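Participant: from the sequence below, what's the structure:
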Amino acid sequence: MAQLASIASLVATGVSTYATINQAQKQDAYRKQQQQAAARQAEAQDRQAQIALAEKARERSAALRRTVAAARARLAASGVKPDEGSSAALTAGLRQDAAAAQSADDATYAARLSAGRRSLLYPDASLAAYARAGQSFATSLRSLLD
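Facilitator: Here you go, the predicted model:
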């Protein structure tokens, strides 16, 4: 009868170990699905931000072209050569302002990406689950041998 109790204890320990490992595998699969979903969402947000940044750059470029053309036309109409002297400085200043605004947008975009991106380096809990299962099995085995 005592031998039957020890065999039942071993079987119960084996079933418990199997259940722990099976649960760990299911949790690992769920965690991987969650990571994939988060990665897809982050990629979609990245694409949206890139599209918005490109559109804003196109709008800024068009506005710069219109502003420079208007300034050159006003200067030429007043008899000043638009490619020389203060008129050249004016158009260069407009271009520098546009470049500074573009670099500010680029910095904002980079900050949004770095702040919004989730880490894909989640710890893998499956090894810990196997270690716990092994410890519980070893404890049960030790109690049977004592």
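Participant: contacts, neighbours, all on C-alpha from now
Facilitator: OK.
Participant: where's R40 relative to I7, distance?
Facilitator: Going from R40 to I7 by C-alpha to C-alpha, to the nearest Å gives 49 Å.
Participant: so in the protein, where's the weakest helix or strand by average pLDDT?
Facilitator: Of all helical and strand segments in the chain, the minimum by mean pLDDT, DSSP states H and E falls on helix 126-145, at a mean of 66.
Participant: the helix ranked longest in the chain packs against which elements?
Facilitator: Longest helix in the chain by number of residues (criterion: DSSP state H): helix 2-77. Using 3 or more C-alpha pairs under 8 Å, 6 or more residues apart in numbering; DSSP states H and E, the elements in contact with helix 2-77 are helix 85-116, helix 126-145.
Participant: burial count for D97?
Facilitator: 13 (other C-alpha atoms under 10 Å).
Participant: likewise for the one 5 residues further on?
Facilitator: Other residues near Q102 number 17, with proximity taken as other C-alpha under 10 Å.
Participant: my guess is it contacts E55. True?
Facilitator: No. The criterion here is C-alpha atoms under 8 Å, and Q102 misses it with E55 at 11.6 Å.
Participant: any low-confidence regions in this protein?
Facilitator: 1-2, 115-134, 141-146 (pLDDT under 70).
Participant: could you redo the last one with a cut-off of 50?
Facilitator: 117-125 (pLDDT under 50).
Participant: any idea how far the residue lying closest to P82 once chain neighbours are set aside lies from A62?
Facilitator: Nearest residue to P82 in three dimensions, chain neighbours excluded: R72, at 5.3 Å (C-alpha to C-alpha, 6 or more residues apart in numbering). Distance from R72 to A62, counting by C-alpha to C-alpha: 15 Å.
Participant: between those two, which one's more packed in?
Facilitator: R72 (20 against 12).
Participant: residues contacting that one?
Facilitator: Applying C-alpha atoms under 8 Å, 6 or more residues apart in numbering to R72 gives the contacts 82, 87, 91.
Participant: tell me the SS of K81?
Facilitator: State at K81, reduced to three classes by DSSP: H, G, I helix; E, B strand; the rest coil: coil.
Participant: who are the contact partners of it?
Facilitator: Counting by C-alpha under 8 Å, 6+ apart, K81 has contacts 75, 87.
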